[in-house]
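*Asks:* sequence and predicted structure below; questions after.
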Amino acid sequence: MNLDQCSRRKLAYDVRHTTHWQTFADYLFRPYFVKGCAIGCAFSGLIVIFSLSLYFRLRHINKKKGEMYGSVADDQQLDVTTLGDSHPAFRFLT
């Protein structure tokens, strides 16, 4: 691109004198992404609520099974291929 002398001076002046103001303006008027951050925080909160509710629900189920069938030894081998999690000795990990 062949620029004449006047255009080169103007371009050099613009680049020299607007760079600091441009970065300052970018700092002042940068986007905040409030909507995106709010959606991310809301989903994070939902994850916490669902995780805690699942933890307490599984703990409750383990407690009910413990009352109905008795406690299970820590080193007990368990075959759940036929009954799955309805096996009397099956406990959820919490």
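*Replies:* That came through, no problem.
*Asks:* biggest helix in the chain by residues?
*Replies:* helix 34-69 (DSSP state H).
*Asks:* okay, which residue is most central for the chain?
*Replies:* residue 44 (5.5 Å; CA atoms, centre = their mean).
*Asks:* re earlier: the longest helix of the chain: which residues count as buried?
*Replies:* Buried positions in helix 34-69, judged by neighbour count with 16 or more other CB atoms under 10 Å: 62, 65. Heads up, the C-betas are built off the backbone N, CA and C, glycines and all.
*Asks:* what mean pLDDT does it get?
*Replies:* The average pLDDT for helix 34-69 rounds to 95.
*Asks:* and stretch 87-94, by the same measure?
*Replies:* 85.
*Asks:* show me the contact partners of that stretch.
*Replies:* By CB atoms under 8 Å, 6 or more residues apart in numbering, the residues outside stretch 87-94 that reach it are 55, 58-59, 61-62, 65-66, 68-69, 72, 76, 78, 80, 83-85.
*Asks:* redo that, cut-off 7 Å
*Replies:* The contact list for stretch 87-94 (CB atoms under 7 Å, 6 or more residues apart in numbering) reads 55, 58, 59, 61, 62, 65, 69, 72, 76, 78, 80.
*Asks:* now for the residues you listed: which two are most distant?
*Replies:* Greatest spacing in the contacts of stretch 87-94, by CB to CB: 55 and 76 (23.2 Å).
*Asks:* and which of the contacts of stretch 87-94 is nearest residue 39?
*Replies:* residue 55 (24.7 Å).
*Asks:* could you report the neighbour count for the nearest residue to that closest one once chain neighbours are set aside?
*Replies:* Once flanking residues are discounted, residue 55 sits nearest to residue 94: 5.9 Å by CB to CB, 6 or more residues apart in numbering. Using other CB atoms under 10 Å, residue 94 has 12 other residues around it.
*Asks:* now do residue 94 against residue 74, distance only.
*Replies:* 14 Å (CB to CB, to the nearest Å).
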